[in-house]
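Colleague: Predicted coordinates and the sequence they were generated for:
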Amino acid sequence: MRNTIFRLDEPRNEAVRAYAPGAPERAALERRLAAMGRESVEIGCWVNGREVLTGEVHEVRAPHDHGLRLGRWHAATPEVVQEALAGARAAWREWSQTPYDVRLAVFLKAAELLAGPWRDTVNAATMLGQSKTCYQAEIDAACELVDFWRINCWLAHAKVYADQPMSPPGQWNHLDHRPLEGFVYAVTPFNFTSIGGNLPTAPAIMGNVALWKPSSAAVFSNYQVMRVLHEAGLPPGVIQFIPGSPRAITAQLLSQPDFAGVHYTGSTAVFNGLWKQIAQGLDGYRSYPRIVGETGGKDFIFVHPSADVTAVSVAAVRGAFEYQGQKCSAASRMYVPRSLWRALRDDLVARTESLAMGDPAEFRNFLCAVIHEQAFEEIRGYVEKARHGARILCGGDADRTQGWFIRPTIVECEDPGFVTMREEIFGPVLSVHVYEDARLDEALTACDEGSPYGLTGAVFAQDRLAVEAMARRLRHAAGNFYINDKPTGAVVNQQPFGGARASGTDDKAGGVQNLLRWVAPRTVKETFLPPHDHRYPHQQDGQVEGGPGGRGRVSRT
Ligand code: NAD
């Protein structure tokens, strides 16, 4: 055993690379993109430290280019899931007892690998498979995941394990932050490679084992993340990578008595279904499962009459249309006072119409294709509704010839309760409601109550008292609240992320709140000189026996 209290300093966030013309990082990424576009990889499940090819194959094609076949992935069969469960249970016995510095070393090394030699591969996979621009891939797959790994390790060390109770004289108390007694089921979305990487690893950092079911639409990049973890020395079985049928895998895992928790990010409807299934299985579980879910959003920008119009316009374009609006935090409804609308509308429409859209390998593009046909059709459905029930100011066109392309669309809605102002669309559609300046208060109510979600929101005002009043009125409308900034782009350890209402359990990814969900602390009290007399002083006629050493001391139960 080592005699060491390790020192781990608070990490800085990973610096974002700019990929400007002529920059060396740009040339390297372009080479990797070209190579991965030609490779056509065979992607297996990753169980007990080795890849398993099941023969149940699905193709990976680039969302922006139907002709670009990136590879095939093998879906986990029930037998493979069973093998993964058995391996995870075996791994738990060792991993849950492994000293925490050894566990942290794996993820700190993974962060170095991802920040260095693996950066281009994971970024290129995210660009090709999820249709992200280089910048969107860089802030997600490289920087955010590196940050999650480094900062979760630091939080575990400095905020969880170091958090210990006081001990009065004669005792020594401590918390043993045990991992959960069982496995964690990590279910991840398509839209952030970093979330794919974070959801199984946050519990694993805390000594848990995880079965990771990635989104079918992100297997290409998520598989590369799994390779990084393998290279970092993650012991076999600690994280099992099992892409496949969401329903079948979920049913198989949630019926196990040692199912100890779900770490989920995705739509609200799926999370509600998971929660209900867990509730139905409750009598069969050994422990109460932890249920952590970050779900949908209908994120807003609320503009006060004192706002800086250009700042609003830029925030709306970036907040609504980066990554084709497929961020849970994407601005998708906006409230604008009549007095500012004409100037804002002209600027916003001009900027939006100028946005270049296309292949992520062409670095001039601002946005690319939406993820798949189902998303394309659903978004188009909302645009059609807007065509009839509201006014499309720009965009509205969709083209599926080569990829799933939808032009960024701005819709003016007279009715603040119109469907595109209320429901999550998850595409490049921004709905705007113009309110009369004198009816600011009503507009704030519409913003607060207009959708079931509570994820992100932004207010814009130059008048600081107005900011304060709006922040108070909208206190429960967003778990991440921005003042004079776009509602997207949260950075780990700067803006811990998550919302309440229908947006999830608000356990703040990248915050200590999240890590605490993956431990079941054991409180340990050691008494140095236990009493030798069962009687309390008030029961005794004469002097309490015991004397020095506190052996006659009154003790509490
Ligand atoms: P999705 O709900 O389609 O899928 C999420 C995950 O759930 C995937 O792994 C999917 O395979 C799985 N799944 C689907 N049906 C299932 C079922 N019946 N049982 C069990 N698992 C099932 O979501 P998506 O399209 O991948 O991602 C977009 C959604 O994620 C949006 O609603 C977005 O707001 C949300 N999201 C939220 C956050 C956040 O932090 N709040 C972050 C990213 C994405």
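Modeller: All right, it came through fine.
Colleague: For the closest residue to E51 other than its chain neighbours, give me phi and psi.
Modeller: Spatial nearest neighbour of E51, chain neighbours left out: G44 (3.6 Å); criterion: C-beta to C-beta, 6 or more residues apart in numbering. Every residue, glycine included, has its C-beta placed from N, CA and C. Torsion angles at G44 (phi, psi; degrees, to the nearest 10) stand at phi -100, psi 170.
Colleague: do the same with the one 3 residues further on
Modeller: The phi and psi torsions at V47 (degrees, to the nearest 10) take the values phi -130, psi 130.
Colleague: Same check on A137?
Modeller: According to degrees, to the nearest 10, A137 has phi -70, psi -40.
Colleague: For it, give its distance to the ligand.
Modeller: The spacing between A137 and the ligand, counted by C-beta to the nearest ligand atom, to the nearest Å, is 15 Å.
Colleague: how about the nearest residue to the closest residue to the ligand within the chain, chain neighbours excluded?
Modeller: Residue of the chain nearest the ligand, by C-beta to the nearest ligand atom: G266 (2.4 Å). Closest residue to G266 apart from its sequence neighbours, by C-beta to C-beta, 6+ apart: P189 at 4.5 Å.
Colleague: for K159, same thing?
Modeller: In this structure, K159 finds its nearest non-sequential neighbour in V512, 4.4 Å apart by C-beta to C-beta, 6+ apart.
Colleague: Show me which residues of stretch 229-242 are buried.
Modeller: Residues of stretch 229-242 classed as buried: 229-230, 232, 234-242 (neighbour count, 16 or more other C-beta atoms under 10 Å).
Colleague: An error on my part: the question was meant for stretch 465-475.
Modeller: For stretch 465-475, the neighbour count (16+ other C-beta under 10 Å) marks 466-467, 469-471, 473-474 as buried.
Colleague: Over to stretch 331-338?
Modeller: Neighbour counts over stretch 331-338 (16+ other C-beta under 10 Å) mark 331-337 as buried.
Colleague: Confirm for me that the residue nearest to G266 is in contact with L199.
Modeller: No - between P189 and L199 there is no contact under C-beta atoms under 8 Å: 9.2 Å.
Colleague: got the residues of the stretch 451-557 of the chain near the ligand?
Modeller: 455, 497, 503-504 (C-beta under 6 Å from any ligand atom).
Colleague: which of the residues you listed are buried?
Modeller: 455, 497, 503-504.
Colleague: Give the helix, strand or coil label for A186.
Modeller: The three-state label given to A186 by DSSP: H, G, I helix; E, B strand; the rest coil is strand.
Colleague: What is the burial count for it?
Modeller: By other C-beta atoms under 10 Å, 31 other residues sit near A186.
Colleague: what's across from it in the sheet?
Modeller: Counting by DSSP bridges, A186 is bridged to W212, H263.
Colleague: which residue is nearest the middle of this structure?
Modeller: Centroid check for the chain by C-alpha atoms, centre = their mean gives I195 as the closest residue, at 4.3 Å.
Colleague: Next, it: secondary structure please.
Modeller: Put simply, I195 is helix when judged by three-state DSSP.
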